[in-house]
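Mind folding the following:
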Amino acid sequence: MIIQGRAISSGRAEGELVVLNEDFSFLGGVDVSTGDLRVAEGNISGKIFAFRRGKGSTVGSYTIFDLKSKGLAPIGVVNQTAETIVTTGAVISDIPLVDGIDIDVLRTGDVLSMDGDAGTIELPRLGLREVVTGIVTRGDEALFLRRSDKEHHFPRKWGGVSGRIEEGESPEEAAKRELMEETSMEAELVRKGEPFLVRGDDLMWRVHPVLFSGDAEPTLNWEHCDHRWIKPSDITTLDTVPRMDEVLMRLGLIRP
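I've put the predicted structure just below:
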């Protein structure tokens, strides 16, 4: 699957990922004689290095160049947000850099191809599935459903009305269909949130949040075993599917 980011430093690279889910300073954060990370396990030499954002002294730019001159630099860099230090180091070292990528969907050991001219990364071993998650509100409460033991993905976890977007369907159409199939409810469409990615072991889901308003009680099918109407801000009291809070934020139901 291909993820569109933003082109920062040109060039292409393909290789194994090393992922650091935090901000990183090349000055002091890596051993320039070996390429070993000092802030975590791993060696970035000859790897594609993904981390959230650069930090620290501007000397970090020259640390990248020093690594490159010794043959110990990463062959590519992926950031959530690129800043001046890492950008300068990548450019002067002729290392491709792409930002605008959600680092949470990447894992150390992934094989990744990146194109610093197009601003894209590709994970060839991962499939992509387009899905919806619908949330129904009633006053200041929202409907959450508990997935049954028969569900292959995330059994017994709480979430919204969810399912695959079929060919030719819009996210809104898919959400209405899933709502009827899973709860026998009809509700008024309010709005759609911006989609985002959720990572599985060998699959990536692009989740399209959809908001409804309705006051009927659900009649659950086999996919769910329980339901609750609670305030969205109380979502932390439930054991939910991954990134349920992100669905609620993108629908404007809770604050970041």
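
all strands of the stretch 51-200 of the chain, in order?
For the stretch 51-200 of the chain, the strands defined by DSSP state E, counting those that start in this stretch occupy 76-79, 97-99, 111-115, 120-122, 127-138, 141-147, 158-159, 161-164, 188-192, 196-199.

Would you mind finding the most buried of those strands?
Among the strands of the stretch 51-200 of the chain, strand 76-79 has the highest mean neighbour count (mean count of other C-beta atoms under 10 Å), at a mean of 28. Quick note: C-beta positions are derived from backbone N, CA and C, even for glycine.

Figure out which of the strands of the stretch 51-200 of the chain is closest to Phe49.
Ranking the strands of the stretch 51-200 of the chain by distance to Phe49, with C-beta to C-beta as the measure, places strand 76-79 first at 5.4 Å.

Return the list of helices and strands in contact with the closest one.
Counting contacts by 3 or more C-beta pairs under 8 Å, 6 or more residues apart in numbering; DSSP states H and E, strand 76-79 packs against strand 12-20, strand 48-51, helix 84-92, strand 97-99, strand 111-115.

In JSON lines, list the ones you listed along with mean pLDDT and distance to Gly252.
Output for those, formatted as JSON lines (pLDDT from 0 to 100; distance: least, C-beta to C-beta, whole Å):
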{"stretch": "strand 12-20", "mean pLDDT": "98", "distance to Gly252": "30"}
{"stretch": "strand 48-51", "mean pLDDT": "98", "distance to Gly252": "30"}
{"stretch": "helix 84-92", "mean pLDDT": "98", "distance to Gly252": "33"}
{"stretch": "strand 97-99", "mean pLDDT": "98", "distance to Gly252": "26"}
{"stretch": "strand 111-115", "mean pLDDT": "98", "distance to Gly252": "33"}
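
picking up where we left off before, distance to Gly46 added to the strands of the stretch 51-200 of the chain, as JSON lines?
As requested, the strands of the stretch 51-200 of the chain are exported to JSON lines (distance: least, C-beta to C-beta, whole Å):
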{"stretch": "strand 76-79", "distance to Gly46": "10"}
{"stretch": "strand 97-99", "distance to Gly46": "16"}
{"stretch": "strand 111-115", "distance to Gly46": "13"}
{"stretch": "strand 120-122", "distance to Gly46": "17"}
{"stretch": "strand 127-138", "distance to Gly46": "27"}
{"stretch": "strand 141-147", "distance to Gly46": "42"}
{"stretch": "strand 158-159", "distance to Gly46": "40"}
{"stretch": "strand 161-164", "distance to Gly46": "38"}
{"stretch": "strand 188-192", "distance to Gly46": "42"}
{"stretch": "strand 196-199", "distance to Gly46": "24"}
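
Out of those, which gets nearest to Ala174?
strand 127-138 (4.7 Å).

Run me through the strand neighbours of that closest one, direction for each.
Using DSSP bridges, strand 127-138 pairs in its sheet with strand 141-147 (antiparallel), strand 161-164 (antiparallel), strand 203-213 (parallel).

Dump that strand to PDB, keeping only the CA atoms.
Only the C-alpha atoms of strand 127-138 are listed here, as PDB (Å, rounded to 0.1, in the frame of the first residue of the first chain):
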ATOM      1  CA  GLY A 127      -2.900  -4.800   2.300                       C
ATOM      2  CA  LEU A 128      -5.300  -1.900   2.600                       C
ATOM      3  CA  ARG A 129      -8.900  -2.100   3.600                       C
ATOM      4  CA  GLU A 130     -11.300   0.900   3.400                       C
ATOM      5  CA  VAL A 131     -13.700   0.800   6.300                       C
ATOM      6  CA  VAL A 132     -16.200   3.100   8.100                       C
ATOM      7  CA  THR A 133     -16.900   3.700  11.800                       C
ATOM      8  CA  GLY A 134     -20.300   5.200  12.500                       C
ATOM      9  CA  ILE A 135     -21.200   6.900  15.700                       C
ATOM     10  CA  VAL A 136     -24.800   7.700  16.700                       C
ATOM     11  CA  THR A 137     -25.400  10.500  19.100                       C
ATOM     12  CA  ARG A 138     -28.500  11.100  21.300                       C
END
